[in-house]
Structures are given as C-alpha cells and as structure tokens.
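# Here's a sequence, model it:
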Amino acid sequence: MKRILFPTDFSQTSLHAFVYALKLAHSLKAEIVTLHTYDYPQPDYVGAPVFLPAIYEVTDLTEFENYKGHVPMLRDLAEQNRLKDVKVSHVLQYGELIPTLIDMHQKEPFDYIVMGTKGVTGWAETFLGSVTRRVVNDAPVPVFVIPEQAHFNPFRKFLFITGYQPEEIPVFKKVLALASIYHAQVDCLYVKPDHSTADNMQLHDWKTIFDEPYVRFHRLHSRDIEGSVLDFIELHHIDMLAMTTHHRNFFERLFQTSLSEKFVYHAQLPMFTVTV
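Numbers count the residues shown, from 1 in each chain. The predicted model follows:
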C-alpha cells in the first residue's frame, strides 16, 4: 500500500490541505500518516538549566493535549468528505520537521508528502524562508503544495514546467504516473527568452519517448517567463502545476509576484514538486 505523509500544525490552512490528502489517498488506495512536530522552549534566564526538566515535561504534556484535541477534527473532515475508509494514523514527535520526516522515510518509506501553505497575502513569505520551502527543497519524495484558498477539482490537466533536459525525464515519468490515475492530459511547457534552436534535438527526443495522445509539448519565446506561464495556465485551464526542484528559483520568482492580478487569480492552483 502506498503511503502519504501529511505534516500538520492543525491550522486552518493545514486542515484544508488534509482534504486533498484524503482524496489523493482514496485515488491511490493509500494510507495517510499525519505528523506533528514540536520543539522545547529555550529559556535564557540565569538558573534556567535547573528548571529545564520541568519545562520539558510541561511542554510534552501541553503538546500531547493539543494533539489529542485536534486529531478528532481530522476524523470529522474524513467523515464530511465521505472518506472515513481511508486509513489514517498519527505521529506526535519532538524535533525538527525535516530531519524527522527524513528519518521516518528511511525507516518506512513514503510515496508522497502533502502540505498546506498560506494564500495570496502570505505566499512570498511562505515560500521564501518557511517550513514549506524547506520541505519542497529537501524532501526525499514528491511534494504536493496546497494553497489555503485552493478548491478541490478533479485533476484533468497537468502543466509540467521543463527545459526538456535528459535529467528531467525520470521526474516527468512520475508526473505521468500520477496523471494516469486521473486520466488527465499533461502539457509540457518550456519558456525561453531567446529564439535559438539549440534544444530542438532534446524536444524531438521527448516527443519520441513520450509519444502518447494525452501528452502535449509546447515551447514559447518570451522574456516574461513567469507571466507566460500564468497566461498558459489560464488559457488551458490547468488544474495542477508540476515542476522539479531544479526549477525552484523560477518557483520562488513566480510567487514573488503576489501583488499582480494574475497571481491573485492563480493562487488557488495546487502544485506538485519533485526533487531531481
């Protein structure tokens, strides 16, 4: 059985993303493992070491009570979405999120990670120094990033941002494997700022390797890469944006445009990122 890791802080953003995790698990016939991590406070007053054991004990108890109080909310969401048959287990763990999830993956591998993130007003901050950004960059498995304002729709159209590089082929196969579950169309898009034809052979290779009726290949010439991608998303009614972490600089630039009308419109788009 496939496994999905769902890191959560029990915020509304996180609870919203849990619905996506449930629906994904249902489609994949997978189980979900939720993970809530916490750290101990670091007192900086004189004599603090004497009280550290008591402070840690209180923190452990507080986190456990908080955790115990929020888990029923996840069960309620499953019932509300008629997905209570999805197997869900829960982990409360002291420590930092990234090392914890890597350690868990090494012991019993996951297939995907699903995480929620802030909406329009918080995208730049969220992706430029947040836990979500670190998970996207460091996770050992593909990551779904779910904006808090996303509304779940069947994934009928995927957009894969690419340079048609050979090292992206294994990543694209993972995107195709996911898209096939939903019988979705997959568009590959390469936006380049010049009109050189140096990549014609690479594009030809991709068309040969992925000669499928549901896969389409595009190449646009534009100096406004981010704007061209957003225009493509709107024109082709894309449901899921997919890219490699190799393109994370583009990924961050795309969401620094949080004040643009185009970005506000597209802030509801879920993303699927894969480490190269």
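# Can you give me the neighbour number for the closest residue to Tyr67 other than its chain neighbours?
Excluding its sequence neighbours, the residue lying closest to Tyr67 (Cβ to Cβ, 6 or more residues apart in numbering) is Leu92, at 4.6 Å. Every residue, glycine included, has its C-beta placed from N, CA and C. A count of nearby residues for Leu92, using other Cβ atoms under 10 Å, gives 16.
# Which residues does Leu92 form beta bridges with?
Beta bridges link Leu92 to His36, judged by DSSP bridges.
# pLDDT value on it, please?
With respect to pLDDT, Leu92 has a value of 83.
# hang on, it packs against Gly69?
No - between Leu92 and Gly69 there is no contact under Cβ atoms under 8 Å: 11.9 Å.
# Could you pull out the residues contacting both of these two?
Both Leu92 and Gly69 lack any common contact, where contact means Cβ atoms under 8 Å, 6 or more residues apart in numbering.
# So which residues of the stretch 51-200 of the chain form helices?
With DSSP state H, counting those that start in this stretch as the criterion, the stretch 51-200 of the chain has helices at 97-107, 123-127, 131-138, 169-181, 200-209.
# Deepest in the core, which of these is it.
helix 123-127 (a mean of 19; mean count of other Cβ atoms under 10 Å).
# hmm, back to that, name the stretch from the helices of the stretch 51-200 of the chain where average model confidence is lowest.
Lowest mean pLDDT of the helices of the stretch 51-200 of the chain: helix 123-127, a mean of 42.
# Not counting sequence-adjacent ones, nearest residue to Asp194?
His221 is the one closest to Asp194 (Cβ to Cβ, 6+ apart), at 7.0 Å.
# That neighbour and Tyr112: what is the separation?
Per Cβ to Cβ, to the nearest Å, His221 is found 34 Å from Tyr112.
# These two: who's more crowded?
Tyr112 (23 against 12).
# Check the closest residue to that one other than its chain neighbours and give its pLDDT.
Excluding its sequence neighbours, the residue lying closest to Tyr112 (Cβ to Cβ, 6+ apart) is Ile4, at 5.0 Å. In this model, Ile4 is scored at 96, pLDDT.
# quick one: the strands in the stretch 101-250 of the chain?
Using DSSP state E, counting those that start in this stretch, the strands of the stretch 101-250 of the chain run over residues 112-117, 143-147, 157-161, 185-192, 215-221, 240-244.
# what's the burial count for the residue nearest to Met243 when sequence neighbours are not counted?
Distance criterion Cβ to Cβ, 6+ apart; nearest residue to Met243, sequence neighbours excluded, is Ile161 at 4.2 Å. By other Cβ under 10 Å, 23 other residues sit near Ile161.
# could we number from 665 for the rest of this?
Understood, numbering begins at 665; the last thing we discussed is Ile825.
# what residue ranges in this protein are flagged as low confidence?
Counting by pLDDT under 70, the low-confidence segments of the chain come to 703-730, 732, 783-794, 859-863, 910-932, 940.
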